[in-house]
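Enquirer: no FASTA, just this:
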């Protein structure tokens, strides 16, 4: 191999890690990583009584009132058989009750029990407590930025 060929190969090889300029991830990458980590941390503040999927269904019933399993499946973007299993687990745990649909006797509606409402309230309290600790470590200016970002992020996901 000639010296010229070696130079071409060397010039095309990436620089060693210690000599490469640091590349900052783009906004989408930073936002994705931050939201995934935030979501994971909030899930850790949940409870061991229910899975995250079960909590999501329970919270939907608590906040939106009685829903059919089909409505819940559509809302959670899962197949109806999967929702049937989730509702059955929540019912077995005493967090929801199934009652006949008032207009269609072939269907049921899922309603939160007092225990289910209490569990959603407690999980929200734990998650908010964790978030408030983190927010307390920020400067007032940083909290203002986070407040503005929260409004913008909600708008992004609701569109």
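Expert: Everything's here; your move. Predicted, not measured: the structure shown is a model, and the values here were computed from it. Numbers count the residues shown, from 1 in each chain.
Enquirer: looking at it, residue 80 is touching residue 86, isn't it?
Expert: No. Using Cβ atoms under 8 Å, residue 80 is not in contact with residue 86; the gap is 10.5 Å. Every residue, glycine included, has its C-beta placed from N, CA and C.
Enquirer: the more surrounded of those two?
Expert: residue 86 (24 against 13; other Cβ atoms under 10 Å).
Enquirer: Wait, a helix at that one?
Expert: Yes. Counting by DSSP: H, G, I helix; E, B strand; the rest coil, residue 86 is found in a helix.
Enquirer: burial measure for residue 54, as a count.
Expert: 19.
Enquirer: Does it touch residue 90 like I think?
Expert: Yes. Assessed by Cβ under 8 Å, residue 54 is found in contact with residue 90 at 5.6 Å.
Enquirer: Next one, pLDDT for residue 143 please.
Expert: pLDDT recorded at residue 143 is 96.
Enquirer: hang on, I meant residue 75
Expert: The per-residue pLDDT reported for residue 75 equals 93.
Enquirer: for the one 4 residues further on, same thing?
Expert: Note for residue 79: predicted pLDDT of 95.
Enquirer: Go ahead and confirm it touches residue 70.
Expert: No. Residue 79 is not in contact with residue 70 according to Cβ under 8 Å; the separation is 10.6 Å.
Enquirer: neighbour-wise, which of these two wins?
Expert: Legend: neighbour count by other Cβ under 10 Å for residue 79 and residue 70, higher for residue 70 (12 against 9).
Enquirer: Right, I'll call it a day here.
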